[in-house]
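Undergrad: Everything below, folded, please.
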Amino acid sequence: MFQVDAFSETVFGGNPAAVLLLEDWLPDELMQSIANENNLAETAFVKPSGDHWALRWFTPTVEVNFCGHATLASAHILITEFGVPGPLRFSTRVGDLNVQALGNEYLLDLPCIEPEHSTGLPPGIAPLFLDNAVNHFKNFENVFIQLASEQEVRTYQPDLNTLAKLGPVGVVITATGETYDFISRYFAPGAGIPEDPVTGSIHATLVPYWAEKLGKRRLSAFQASSRGGVLQCELQEDRVLIKGKAATFMKAEIYLPD
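TA: Numbers count the residues shown, from 1 in each chain. Now for the predicted structure:
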């Protein structure tokens, strides 16, 4: 097992993910137990699948449909530790995800997941945003809330107990940025992720949203968690491209029950 800090050029930055390269899937309950033991936002399990790779992701509590930073981490390990030549193609629940090494960084090629109109915020969390929501929208796994300013995003104090009532559904807050085109933060306490440091998957929806708002297809983004991360993004028809770096923090041997 490896642990990688994704969307960072050095360790102790970006978003940590564990990566396990398998010959075949372990039982689902065992993979969930490993992810719970790791207690990271995501543990990725990778196995060969013909001329490409199959990829699954688990938070400490659930298997998820889409994860960008653990995809980047998986590609980083395959390329740097096992000498697998790129570009790499991963089959996942959201379709094929592609990763290409570009010098000392990686280019993630993700599906563009268009923002969906929302008639209102989920009743359970609506009171949390009565005074500061400028706009809101959704995709298949998250609720997105635009706030008035970068400062409101940075200083927002989440009520994690209330947000957890959404179960695995995550909540993204976002605003136009001062240094970057837009910034965001991401909370999914109901999925075992109080606040995710840097989240590739939410940018598959944030990029088309802000591309339309700002009238540009290349955007700089910053996820304003305590660790933080910069993402250089581009909208290309039905794909979202994201550049990021990765650093290996740990190589480990794990022991499973008999």
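
Undergrad: all contacts plus neighbour counts: C-alpha atoms, from now on.
TA: Will do.

Undergrad: what are the ranges of the strands in the stretch 51-200 of the chain?
TA: Taking DSSP state E, counting those that start in this stretch as the test, the strands found in the stretch 51-200 of the chain are 52-58, 63-64, 88-92, 95-102, 105-111, 116-117, 133-138, 142-147, 170-176, 182-188, 193-196.

Undergrad: For the fourth one, give me every contacting residue.
TA: Outside strand 95-102, the residues that touch it by Cα atoms under 8 Å, 6 or more residues apart in numbering are 72, 75, 86-91, 106-111.

Undergrad: who does that strand pair up with?
TA: Paired neighbours of strand 95-102 in the sheet (DSSP bridges): strand 88-92 (antiparallel), strand 105-111 (antiparallel).

Undergrad: what separates the longest one from the chain centre, distance-wise?
TA: To tie it back to what came earlier, the one meant is strand 105-111. Relative to its parent chain, strand 105-111 has a centroid offset of 12 Å by Cα atoms, centre = their mean, to the nearest Å.

Undergrad: try stretch 144-159
TA: So, by Cα atoms, centre = their mean, the centroid of stretch 144-159 is 19 Å from its chain's centroid.

Undergrad: so how far does it reach from one end to the other?
TA: Separation of the first and last residues of stretch 144-159 by Cα to Cα, to the nearest Å is 16 Å.

Undergrad: Determine which of the strands of the stretch 51-200 of the chain approaches C233 most closely.
TA: Nearest to C233, of all the strands of the stretch 51-200 of the chain, is strand 105-111, at 9.4 Å by Cα to Cα.

Undergrad: want to try a markdown table for the strands of the stretch 51-200 of the chain, with mean neighbour count and distance to S225 as columns?
TA: Formatted as a markdown table, the strands of the stretch 51-200 of the chain follow (neighbours: other Cα atoms under 10 Å; distance: least, Cα to Cα, whole Å):
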| stretch | mean neighbour count | distance to S225 |
| --- | --- | --- |
| strand 52-58 | 22 | 21 |
| strand 63-64 | 17 | 21 |
| strand 88-92 | 19 | 27 |
| strand 95-102 | 19 | 24 |
| strand 105-111 | 21 | 21 |
| strand 116-117 | 12 | 25 |
| strand 133-138 | 18 | 20 |
| strand 142-147 | 22 | 16 |
| strand 170-176 | 23 | 11 |
| strand 182-188 | 24 | 6 |
| strand 193-196 | 22 | 7 |
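
Undergrad: out of those strands, nearest to G244?
TA: Minimum separation from G244 across these (Cα to Cα) falls at strand 105-111, 5.4 Å.

Undergrad: Quick check: mean pLDDT of that closest one?
TA: In this model, strand 105-111 has a mean pLDDT of 96.

Undergrad: ok, residues contacting that strand?
TA: Taking Cα under 8 Å, 6+ apart as the rule, strand 105-111 contacts 68, 72, 94-101, 204, 238-246.

Undergrad: Please convert the strands of the stretch 51-200 of the chain to JSON lines, extending it with distance to L20.
TA: Below are the strands of the stretch 51-200 of the chain laid out as JSON lines (distance: least, Cα to Cα, whole Å):
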{"stretch": "strand 52-58", "distance to L20": "10"}
{"stretch": "strand 63-64", "distance to L20": "15"}
{"stretch": "strand 88-92", "distance to L20": "14"}
{"stretch": "strand 95-102", "distance to L20": "17"}
{"stretch": "strand 105-111", "distance to L20": "19"}
{"stretch": "strand 116-117", "distance to L20": "34"}
{"stretch": "strand 133-138", "distance to L20": "31"}
{"stretch": "strand 142-147", "distance to L20": "26"}
{"stretch": "strand 170-176", "distance to L20": "25"}
{"stretch": "strand 182-188", "distance to L20": "23"}
{"stretch": "strand 193-196", "distance to L20": "20"}
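
Undergrad: nearest to V230, of those?
TA: Checked against Cα to Cα, the stretch from the strands of the stretch 51-200 of the chain lying closest is strand 182-188, at 9.3 Å.

Undergrad: Relative to the closest one, what are the paired strands and their orientations?
TA: strand 170-176 (antiparallel), strand 193-196 (antiparallel), strand 218-223 (parallel).

Undergrad: Understood, closing this out.
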